[in-house]
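Asks: heads up, no residue letters with this:
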């Protein structure tokens, strides 16, 4: 297992690496301090099982996040940040990252999130987005969804992986993928994280 931690604060990198080593002793962890160093590390070793990156490290931006998601389509990417505001979380979700981890999180939350991401799940602090932003009435896209699609979306909102949703609903994993493709089109979203945000706002979380 190979994990890349990109953060310009060495103390946080060391703490995150220590937590991951406690979970996965066999993990090989690469630490870098900027977007340029992240890309250089990826060129040297293109396969990582997980990439954790600071939202505010040198070179990082919402556009840079979106580019990284495009460049690493099979790798779960997660943002770590000392700022957990509506704007930052939404920008990360829209960029397509799979997770957003507040630096104020305790070790249990961090460990759970890392395990969830490696299992194919999603972890976005959607409660931040609900403070004063609860929708009135159902959004139009929700009315166009079947009962089964709503069940699948509920699983996404809870951060579950395709395998977990399939097991819970008694469906094949490939069927879940087909449902997700239709869901994303109906919701006009490009990522699980953005779909989860919309789902929670619509009361499906």
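Replies: In hand now; what should we look at? If you're wondering where the values come from, they're calculated on a predicted model, not measured in any experiment. Residues are numbered from 1 along each chain as shown.
Asks: next SSE downstream of the lowest-mean-pLDDT helix or strand in the chain?
Replies: Least confident helix or strand of the chain, by mean pLDDT, DSSP states H and E, is helix 126-130 with a mean of 60. Next in sequence after helix 126-130, counting helices and strands by DSSP states H and E, comes helix 140-143.
Asks: show me the domain layout of the chain.
Replies: Here the domain parsing of the chain from automatic domain parsing is 2-130, 140-201.
Asks: pLDDT below threshold where in the chain?
Replies: Applying pLDDT under 70 to the chain flags the ranges 46, 126-138, 205.
Asks: how near is the residue nearest to the spatial centre of the chain to residue 77?
Replies: What sits nearest the mean C-alpha location of the chain, by Cα atoms, centre = their mean, is residue 98, with 1.6 Å. Residue 98 sits 6 Å away from residue 77, going by Cβ to Cβ, to the nearest Å. No exception for glycine: its C-beta is placed from N, CA and C like everyone else's.
Asks: now residue 186
Replies: 25 Å.
Asks: same question, residue 182
Replies: Note on residue 182: its distance to residue 77, by Cβ to Cβ, is 24 Å.
Asks: neighbour-wise, which of these two wins?
Replies: Set residue 182 next to residue 77 and count neighbours by other Cβ atoms under 10 Å: residue 77 wins out with 25 against 14.
Asks: beta partners for the more buried one?
Replies: Counting by DSSP bridges, residue 77 is bridged to residue 51.
Asks: for it, what are its contacts?
Replies: Residues in contact with residue 77 (Cβ atoms under 8 Å, 6 or more residues apart in numbering) are 51, 53, 65, 68-69, 96-99.
Asks: 7 Å - rerun?
Replies: Contacts for residue 77 (Cβ atoms under 7 Å, 6 or more residues apart in numbering) come out as 51, 53, 68-69, 97-98.
Asks: tell me where the chain has helices.
Replies: If DSSP state H is used as the criterion, the helices of the chain fall at 10-23, 35-44, 62-71, 86-95, 107-118, 126-130, 140-143, 147-157, 162-169, 173-187, 192-201.
Asks: among the ones you listed, which is nearest residue 3?
Replies: Taking Cβ to Cβ, helix 10-23 is the member of these nearest to residue 3, at 5.9 Å.
Asks: now do that closest one against helix 107-118, angle only.
Replies: For helix 10-23 against helix 107-118, the angle by axes from the mean of the first three to the mean of the last three Cα atoms, to 10 degrees is 70 degrees.
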